[in-house]
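> Next input, structure requested:
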Amino acid sequence: MSDTTVSNLGPEDGVHRFDNLVALDEFCHSHNTVLLSITHPLAPSCKRFAPVFQEPKVATALSGYPSPVPCVEIPTVFGLRIDIRGFPTLVICHGAKKWKKYHGPLKELDILAFVKRDSRSDPVQKISTTAELSHELETQPIVIIGYVNDDDYITLKSFTSVAKDLQDSFSFVTVPKTSQSIAVYTNGQPYPSHLEPPLTPERIQTFLSTATRPFIMQLLPELHYNLLQKQLPLGYIFTSPSFDTSSILDIAKKYHSQIQLLTVDPTIVTDLPDTMNLGSPDFPAFAIHSPPRNKKYPLIAPFSPTAVDDFINAFLSDKLKPSIKSAPVPIQKGPIVEVVGSTYDDIILGETKDVLVEFYTPWCGPCKALLPEYEKLADFYRGSDKVVIAKLDCESNDVPDGDIRGFPWFKLYRAGRKYEPVTYSGERRVDAWRRFIEGGN
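Below is the predicted model:
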């Protein structure tokens, strides 16, 4: 933090804005809690979010708290050491050092509910009256109720241990009751989900992993990455926001533990229909995405509840073949092996050789700049029966390995450990690559 200028460009619209880290640090030090929005000037999502964050919504509501929580907006150029997956990224700050990311929907009520949960000293709130419970259900998107008596220490301990892990995402409360159980109330769900004894931490965790997911979710861009990380198959329903989900609600319930159904507005998540290999479909349209190997299954038949039901059943029964976006198989001209979608398994996942792959795009400047050095590396291993030097165009081909975070991106797939690839982040020189390949990583 070399910049010593203190500059608060605000508040404007109820939001403070800073142009350097020192100013931000001093502001955070002087407040118990600050809600920080990290933005990017070119991100359309930031422009959509601004009216939610500013007055008269989030900023106004938080300024009226007994201990007011100021809202701050900063540009990403500050270079903060935070894992940013998209813009805006919201962070709760307690002083200048203790930061906590928000992973929920960028909607007013969800954000306010998160700030309220963060302010609580205990992960579990004890509810004594019907009015208190009603207020909690009205102000929190998901409320997990433990029906348990105060003297049932074992069940309380189990419930509290789970709450400590998940309190950033859900509200946990207890209500005195002789017969033990857990109920999950989710906004938009017609009725709660219940778990009966035994109420061990393991059973509660397993139950909540399904019960806290709505039968049908709206896919918001800010939620997509976290959904993919859960490794659960996702069923995308591409349609307008006015789509009546009641026609597929029974299907969503039927397969809820095995697949998450989501409605997708293609005017907001514009690239997803093409990513799912749907081409230019008539809407509504449907596709399934299996995150573990980035497999895609577009429904070609016209959309209908029956077609979706049959398609999901076929997918879960392993009767569908994935759709693979692939450039034509090239004639190999140079020392670097050009991999395409249709040859990915044979070349990269072939068990007999170590394969170093450069994942690139045609428009990537650094990819073009390193090509001569990468060709020298490929020349060195030309004809090797142990090592292959390859590259794959991620714009023209599907990539089963979903963990590609930028371009160029290098991964080594070792013989016998093909599903445990090692990312290379060292110098882009022949000698450095060779040490990596031959070093037994």
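> before we move on, what SS does the residue sitting furthest away from the middle of the chain have?
For the chain, the residue at maximal distance from the C-alpha centroid (C-alpha atoms, centre = their mean) is Gly383, at 41.4 Å. The local conformation at Gly383, judged by DSSP: H, G, I helix; E, B strand; the rest coil, is coil.
> which residues sit against the helix ranked longest in the chain?
Longest helix of the chain, by residue count under DSSP state H: helix 365-380. Helix 365-380 has contacts (C-beta atoms under 8 Å, 6 or more residues apart in numbering) with 334-337, 356, 358, 360-361, 389, 391, 407-408, 428-430, 433-434. Any C-beta I mention is one placed from the backbone N, CA and C, and that applies to glycine too.
> mind saving the C-alpha coords of it as CSV?
What follows is helix 365-380, C-alpha atoms only, in CSV (Å, rounded to 0.1, in the frame of the first residue of the first chain):
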residue,chain,number,x,y,z
GLY,A,365,-1.7,-12.1,-27.5
PRO,A,366,0.6,-13.9,-24.9
CYS,A,367,-0.4,-17.2,-26.5
LYS,A,368,0.9,-16.0,-29.9
ALA,A,369,4.1,-14.5,-28.3
LEU,A,370,5.2,-17.8,-26.6
LEU,A,371,4.5,-20.0,-29.6
PRO,A,372,8.1,-20.1,-30.9
GLU,A,373,9.4,-21.2,-27.5
TYR,A,374,6.7,-23.8,-27.1
GLU,A,375,7.5,-25.2,-30.6
LYS,A,376,11.1,-25.6,-29.5
LEU,A,377,9.9,-27.6,-26.5
ALA,A,378,7.8,-29.7,-28.8
ASP,A,379,10.8,-30.2,-31.1
PHE,A,380,12.8,-31.5,-28.2
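> Quick check: buried residues in that helix?
Neighbour-count burial for helix 365-380 flags Cys367, Leu370, Leu371, Tyr374, Leu377, Ala378 (criterion: 16 or more other C-beta atoms under 10 Å).
> same deal with stretch 24-43?
24-25, 27-28, 31, 33-40.
> would you turn these into TSV with distance to Asp150, pLDDT and secondary structure?
Formatted as TSV, the buried residues of stretch 24-43 follow (distance: C-beta to C-beta, whole Å; pLDDT from 0 to 100; DSSP: H, G, I helix; E, B strand; the rest coil):
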residue	distance to Asp150	pLDDT	secondary structure
Leu24	44	87	helix
Asp25	43	87	helix
Phe27	42	91	helix
Cys28	38	90	helix
His31	36	91	coil
Thr33	30	95	coil
Val34	36	95	strand
Leu35	34	96	strand
Leu36	38	94	strand
Ser37	40	94	strand
Ile38	42	92	strand
Thr39	46	91	strand
His40	49	87	coil
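> need these in TSV with distance to Pro105, can you?
Shown next, in TSV, are those (distance: C-beta to C-beta, whole Å):
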residue	distance to Pro105
Leu24	25
Asp25	29
Phe27	26
Cys28	25
His31	25
Thr33	20
Val34	21
Leu35	15
Leu36	17
Ser37	14
Ile38	17
Thr39	17
His40	19
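> and of the residues you listed, the nearest to Asn277?
Proximity of those to Asn277 (C-beta to C-beta) peaks at His40, which lies at 28.8 Å.
> pretty sure Phe238 contacts Phe286?
Yes: using C-beta atoms under 8 Å, Phe238 is in contact with Phe286, at 7.2 Å.
> between these two, which one's more packed in?
Phe286 (27 against 24; other C-beta atoms under 10 Å).
> which SS class is that one?
Following three-state DSSP, Phe286 is assigned to strand.
> Then Ala390?
Assignment for Ala390 (three-state DSSP): strand.
> cool, and Phe49?
Per three-state DSSP, Phe49 ends up helix.
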